[in-house]
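In: Requesting a structural model of the entry that follows:
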Amino acid sequence: MVRGPSKGRAYGEAAVTQALKGIAFPISKEQLIKEHGHKEVEVKKGEYILLEDIFTKSQKDRFSSMRDLVSSLKPSFKKGGKQPSKARAARSS
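Out: The predicted model follows:
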């Protein structure tokens, strides 16, 4: 039995890191939402959430590094995401 995501796919914190690859730090929460909030990440297999929904829950307004950003978002991952739409589910089959 294979555990975890398939090659090239990430969940949770790793999915956020992957979605934000290459951004410059420091960066504000406002700028993250404006530039990347529309992106979806898979928090668990089949559970998606918009980055905007994750960022708005953060207590911080500015992030100095990817590590700083991801560590501030950890509580958001415990709440889970949304089930994928039928169109998304059909594409992944």
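
In: Could I get the buried residue list for stretch 67-74?
Out: Residues of stretch 67-74 classed as buried under the neighbour-count rule (16 or more other Cβ atoms under 10 Å) are Leu69, Val70, Ser72, Leu73. No exception for glycine: its C-beta is placed from N, CA and C like everyone else's.

In: Next: stretch 22-34.
Out: In stretch 22-34, the ones that count as buried by 16+ other Cβ under 10 Å are Ile27, Lys29, Gln31, Leu32, Ile33.

In: which secondary element of the chain has the worst mean pLDDT?
Out: When the helices and strands of the chain are compared on mean pLDDT, DSSP states H and E, helix 86-92 comes out lowest with a mean of 40.

In: Which ones among the buried residues of stretch 67-74 map onto helices?
Out: Secondary structure assignment by DSSP state H places Leu69, Val70, Ser72, Leu73 of these in helices.
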